[in-house]
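Engineer: Generate a structure from the sequence data that follows.
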Amino acid sequence: MSAVTGTGIRSPEFWHDPRFPQIESRRSCRQNSCYRPHTHDRFAVGLIDEGASEFVGRSASPMRLEPRDVILIPAGHVHSCNPVSGDWVYQMMLFDPEWLRVRAWAHDAAFDGAIQVHRDSDAYRLFGAVNAALFEGPRDLDRLERSLRRAFAGLGTASVRREDPVGAPALAARLRPVLDVLAERPEDPRLDDLATDVGMSRYQLIRAVKRATGLTPIAWRNNARVMRARAMLRGGEPIASVAHTLGFADQSHFHRVFRAHVATTPGAYMR
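Structural biologist: Modelled structure (predicted):
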């Protein structure tokens, strides 16, 4: 369980280990809504321990999650999840999608297109055991893989299965140069210039990026930078260096953006 702070609020805990770069995890307790819509570059498995929360995917239709629910979120799906009221305790494991497919769960490709909720006590127990083993300090990857295979093998039919709205792959392909610049260029790009590059007006570009990714250009840029920041911090790069490399105005700016997406500070994430 998360550590209790001097204010009585349980702080989030993070697990990541350079010996196991395929996996990271967290255990959290939040009292206030704070997550902005975001994506992960990894396959996410979430477990609700206490309290109710509201999950919102790309369709913008809210879905209530209850204690002992297990939610599977494929990489790249825009979503946010925040407590309905009061304490909300949850766990979230993130897996490299290719490693997961090859070593732990040879799932059908259809699973990559759906966010699933399983209301099954056995699934909650088995995935909870996997996460507990991570925080206890795993000794070898083989044992982790066996535990994970057992958990996925125990999944039944999802109680709630939400297909994402049909995407816009052709539009996303056309916008790829714009998305790459937004994600990778440290300096803030001018939207007018990016729009001209793909034959659109500024406002056409904003609407097109929203349609293709589920996020506005600035939100998509910040989300991409936070995903890169997490990888750099897991690799041990100093916070100031990460903020500078990714083009944040200063560490304060980096902290604000990081906290809005991860619900904790970069320093707490590194520990």
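
Engineer: which secondary element of the protein has the worst mean pLDDT?
Structural biologist: strand 160-163 (a mean of 67; mean pLDDT, DSSP states H and E).

Engineer: Can you give me the buried ones in the helix or strand following that strand?
Structural biologist: Remark: after strand 160-163, the chain's next helix or strand is helix 169-184, criterion DSSP states H and E. For helix 169-184, the neighbour count (16 or more other Cβ atoms under 10 Å) marks 175, 178-179, 181-183 as buried. Yep, even glycine has a C-beta here, placed from its N, CA and C like the rest.

Engineer: repeat for stretch 190-209
Structural biologist: So for stretch 190-209, counting by 16+ other Cβ under 10 Å, buried means 191, 194-195, 200, 205-206, 208-209.

Engineer: quick one: Gly214 and Val56 touch, right?
Structural biologist: No: in this structure, Gly214 is not within contact of Val56 by Cβ atoms under 8 Å, at 10.8 Å.

Engineer: quick one, which of the two is more surrounded?
Structural biologist: Between Gly214 and Val56, counted using other Cβ atoms under 10 Å, the more crowded position is Gly214 (24 against 16).

Engineer: Tell me how far that one lies from Val226.
Structural biologist: 15 Å (Cβ to Cβ, to the nearest Å).

Engineer: go on, Ala104?
Structural biologist: 26 Å.

Engineer: pLDDT weak spots in this protein?
Structural biologist: When residues are selected by pLDDT under 70, those of the chain lie in 1-10, 30-34, 107-112, 161-167.

Engineer: Centroid-nearest residue for it?
Structural biologist: In the chain, the residue lying closest to the centroid (Cα atoms, centre = their mean) is His40, at 3.4 Å.

Engineer: Report how many residues lie close to Arg42.
Structural biologist: What Arg42 shows, counting by other Cβ under 10 Å, is a neighbour count of 22.

Engineer: For Arg230, see how far away it is.
Structural biologist: Per Cβ to Cβ, Arg42 is found 10 Å from Arg230.
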